[in-house]
Each structure stands twice: as C-alpha cells, then as structure tokens.
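Asks: Sequence first, then the predicted structure, then my questions.
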Amino acid sequence: MEDNKVIEIKNVAVYQGRNLVLSHVNIDIRKGEFIYLIGKTGSGKSSLIKMLYADIPVKEGSIVIAGMELKGVKEKQIPFMRRRIGIIFQDFQLLYDRNVNENLIFVMKATGWKDKTKMESKCKELLSLVNLSNSGLKMPHELSGGEQQRVAIARALINDPEVILADEPTGNLDPDTSKEIVLLLKELTNKGCSVVMATHDFMLFNNFPARIIKCENGEIIDSSVAVNLA
C-alpha cells in the first residue's frame, strides 16, 4: 500500500446476509481525507463500514486498512487492528453506569494501558480536544446528545488512530449540533487522521463540502472531488 493511502479497497463484494448489495468496490482513501459515505437504507453503506472494522468478513476482494489486510484476518488479530482505527456510532454506546473519565479509562485498560498517571493525562488531553474539559466527572445522562457524541469521539481517539469510521454519528442530533460534530471531525483531518462518515444528512454536504462516495444500484459512485449537492 502506498505511503499516503490508509484504506485500499480492491474488487470487494459487499453482502447483507446472503444478498449481494455492492459489487466491484474499488476505493482508495488517503491520509487526512474526509469522506462522506452515502446511500439509501439497504444500499450497503453501513455494511461496508462494518467490513472496514472487521465486523463483517471480506469474502471477495481485498481491504487493507491502516496497514492491515482484512481478508482472512484471524479473530485474535481484530482487537489489535481496531487499536489503529477509531469507531463512532449513532447511539454513542457509552457506559451509563460510569462517568466520562471512567468511560475513557475503561477503553484504555481494554487496549493495554496500565499507567494510571498517563491515563489521567490522556483523559484531560482528549476532553480538552473535544471541548469538554470540565465534564470528566459527569455521568452520561447529565450530558446533552451532542456532548455524549463528543465523548464518543474522544473515546475513538484514545490510541491516536490513523482512521476514524463514523456510522451515522449525527443521526440522533439536531441540525446545529450535527454541524458542530462534523466540524470537529473535519478538524481531525488537519492532524492527518482520515475520516469516513456514513450519513443520510444531505444538508451537511453544502455546509462542509468533501469527497462523496455513494452506494447506489449495487455500485459505488465516487465524486473524487469536493462537491456541493443542492
């Protein structure tokens, strides 16, 4: 894989169960790119995202992400692969019986962190990055939806990933908060992180133009350049 490519998808077939929904998928994503992945429900975009974090196996073709080939990847290798990527979900998936700091530290411990001082320092750094410096001791239910998604973004950044995969991260948020979340994700690309964001929110394209990859009629349509959609 070329040095500036963080995702390379070659001749991949995407299935939902036994149904083929996308064929001959060929996509290259480079360091620092922001990508919108769009398409109607059932078009294959969420399945493609799941393939990128090895939740759905690659049966046909090849996917290399953050330097790791996913076809034939062994179960025991997947946790190590996922340390190189960050995943953000529509429903936040926070632990609601723990405060914000404890949510972050839980993931740190699960991914091999051991030094308490370093973990506390990383919490402060991440919460500052997502503009939640004073929220470390708050419980998730004390936060707004947008704030909970910011915690989810902080969690995704714990291991300094090369790629962020965001599956409908603004789906449960109001329009103004959605803009704030996308702006935050776009800012990450300035640090060299690549972001792939699956979304239904067409209003975001005009506010934050970027490359668009569309799943439609079993095929991938790639804008290749920043565009505005009316």
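Replies: Looks like it came in fine.
Asks: Which secondary structure element is home to the residue nearest the centre of the chain?
Replies: Centrality entry for the chain: nearest residue to the mean C-alpha point is L165, 1.6 Å, by Cα atoms, centre = their mean. With elements taken from DSSP states H and E, the one containing L165 is strand 163-167.
Asks: Who are the packing partners of that strand?
Replies: Judged by 3 or more Cβ pairs under 8 Å, 6 or more residues apart in numbering; DSSP states H and E, strand 163-167 is in contact with helix 45-52, strand 85-89, helix 175-189, strand 194-198. (Each C-beta comes from the backbone N, C-alpha and C, glycine too.)
Asks: mind saving the C-alpha coords of the third one as PDB?
Replies: Backbone C-alpha positions of helix 175-189 (Å, rounded to 0.1, in the frame of the first residue of the first chain) are rendered in PDB as follows:
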ATOM      1  CA  PRO A 175     -29.000  20.300  12.900                       C
ATOM      2  CA  ASP A 176     -26.900  22.800  14.800                       C
ATOM      3  CA  THR A 177     -25.300  20.100  17.000                       C
ATOM      4  CA  SER A 178     -24.700  17.900  13.800                       C
ATOM      5  CA  LYS A 179     -22.700  20.800  12.300                       C
ATOM      6  CA  GLU A 180     -20.600  21.000  15.400                       C
ATOM      7  CA  ILE A 181     -19.800  17.300  15.300                       C
ATOM      8  CA  VAL A 182     -18.900  17.400  11.600                       C
ATOM      9  CA  LEU A 183     -16.700  20.400  12.200                       C
ATOM     10  CA  LEU A 184     -14.900  18.600  15.000                       C
ATOM     11  CA  LEU A 185     -14.400  15.500  12.800                       C
ATOM     12  CA  LYS A 186     -13.100  17.700   9.900                       C
ATOM     13  CA  GLU A 187     -10.600  19.300  12.200                       C
ATOM     14  CA  LEU A 188      -9.200  15.900  12.900                       C
ATOM     15  CA  THR A 189      -8.100  15.600   9.300                       C
END
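Asks: Distance from it to the middle of the chain?
Replies: Centroid separation for helix 175-189 versus its chain: 13 Å, with Cα atoms, centre = their mean, to the nearest Å.
Asks: what pLDDT, on average, does stretch 67-78 get?
Replies: The average pLDDT for stretch 67-78 rounds to 91.
Asks: picking that back up, just want the angle from the strand holding L165 to strand 85-89.
Replies: Orientation of strand 163-167 against strand 85-89 (axes from the mean of the first three to the mean of the last three Cα atoms, to 10 degrees) gives an angle of 20 degrees.
Asks: Format the helices and strands packed on strand 163-167 as TSV; extra columns: mean pLDDT, mean neighbour count and distance to L132.
Replies: TSV is the format used below for these (pLDDT from 0 to 100; neighbours: other Cβ atoms under 10 Å; distance: least, Cβ to Cβ, whole Å):
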stretch	mean pLDDT	mean neighbour count	distance to L132
helix 45-52	93	23	25
strand 85-89	93	22	15
helix 175-189	93	17	11
strand 194-198	96	25	19
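Asks: would you turn those into a markdown table with distance to P79?
Replies: A markdown table is the format used below for these (distance: least, Cβ to Cβ, whole Å):
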| stretch | distance to P79 |
| --- | --- |
| helix 45-52 | 15 |
| strand 85-89 | 11 |
| helix 175-189 | 22 |
| strand 194-198 | 20 |
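Asks: Show the subsequent helix or strand relative to the helix-or-strand element of the chain with minimal mean pLDDT.
Replies: The helix or strand of the chain with the lowest confidence, counting by mean pLDDT, DSSP states H and E, is helix 203-207 at a mean of 85. Reading on from helix 203-207 to the C-terminus, the next helix or strand found by DSSP H and E is strand 211-216.
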